[in-house]
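# Got a sequence here, can you model it:
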Amino acid sequence: MLDAEGADALSMRKLGARLNAGATSLYRHVATKDELIELAVDEVFGEITVQPAGTDWRTAARAAAQSFRTTALRHAWLGALLGQTGMAQLGPNLGAFSNGLVDLFTAAGYPEPTGALDTLLSYVNGMTTAEAAWLTSVARAGQTEAEFVVALGGELTEDPAAVRDAKFAYGLEVVLDGLATRLK
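Below you'll find the predicted structure:
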């Protein structure tokens, strides 16, 4: 439901109807809509891969960031909900993701591995939230991304998806370069 209709469309009543159950019966499984959202966010974090500690930190951090981006763009609602719920309510998948990156940064010798984690995740979440909003606007317009760029008065000289990929990769390398200066 979140993937098809977005976070704004989620209600216990609509979800109950989709499941052929009453909204009140859902409350036997979750206490609140916020808890349901936290569970959905945690489920999505189970799709993100993190290489084990001991792997080259930069290669593994890049791969985790790319996996996070791919997952966040597949679930366009994720960024907005992370902005509402934050990452403080760790479920098992979000915990495994965060702990995996902290372990990676610790093994690499970072004096403040949680700071490295927060920096990386802030970049990825910020970029993907903006990117998901852009792609949502494109979808609502019923156009391809290239058509949307032209309709906005832009000149199309490159594939818009390739441009987004390049921008993300460039910023990610800048973040990783900055993190590299903090190694012991």
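
# Can you list the low-confidence ranges for this structure?
The model of the chain has pLDDT under 70 over residues 1, 3-17, 22-28, 30-31, 83-90.

# Please enumerate the helices of the chain.
Along the chain, the stretches classed as helices by DSSP state H are 2-5, 12-18, 23-26, 33-45, 57-74, 78-85, 92-108, 113-141, 145-151, 160-180.

# For residue 51, which of the ones you listed is the nearest?
Smallest distance to residue 51 across the helices of the chain (CB to CB): 3.9 Å, for helix 57-74. Using the backbone N, CA and C atoms, a C-beta is placed for each residue, glycine as well.

# neighbouring contacts of the closest one?
Residues from elsewhere that reach helix 57-74, judged by CB atoms under 8 Å, 6 or more residues apart in numbering: 3, 44-45, 47-52, 78-79, 97, 100-101, 104-105, 107-108, 120-121, 123-125, 127-129, 131-132, 135, 168, 172, 176, 179-180.

# what angle separates it from helix 33-45?
Helix 57-74 and helix 33-45 are oriented at 130 degrees to each other (axes from the mean of the first three to the mean of the last three CA atoms, to 10 degrees).

# ok so, going back, include mean neighbour count when you put the helices of the chain into JSON lines, please.
Putting the helices of the chain into JSON lines (neighbours: other CB atoms under 10 Å) gives the following:
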{"stretch": "helix 2-5", "mean neighbour count": "13"}
{"stretch": "helix 12-18", "mean neighbour count": "14"}
{"stretch": "helix 23-26", "mean neighbour count": "13"}
{"stretch": "helix 33-45", "mean neighbour count": "18"}
{"stretch": "helix 57-74", "mean neighbour count": "19"}
{"stretch": "helix 78-85", "mean neighbour count": "17"}
{"stretch": "helix 92-108", "mean neighbour count": "19"}
{"stretch": "helix 113-141", "mean neighbour count": "17"}
{"stretch": "helix 145-151", "mean neighbour count": "16"}
{"stretch": "helix 160-180", "mean neighbour count": "14"}
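
# CA atoms of stretch 106-117 as PDB?
Listed next in PDB are the C-alpha coordinates belonging to stretch 106-117 (Å, rounded to 0.1, in the frame of the first residue of the first chain):
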ATOM      1  CA  THR A 106      35.100   0.500  14.000                       C
ATOM      2  CA  ALA A 107      37.200  -2.200  12.200                       C
ATOM      3  CA  ALA A 108      38.600   0.400   9.800                       C
ATOM      4  CA  GLY A 109      39.800   2.400  12.800                       C
ATOM      5  CA  TYR A 110      37.400   5.300  13.100                       C
ATOM      6  CA  PRO A 111      37.600   7.000  16.500                       C
ATOM      7  CA  GLU A 112      33.900   7.900  16.300                       C
ATOM      8  CA  PRO A 113      32.200   5.200  14.200                       C
ATOM      9  CA  THR A 114      28.700   6.400  14.900                       C
ATOM     10  CA  GLY A 115      29.700   9.800  13.600                       C
ATOM     11  CA  ALA A 116      30.900   8.200  10.400                       C
ATOM     12  CA  LEU A 117      27.600   6.300  10.200                       C
END
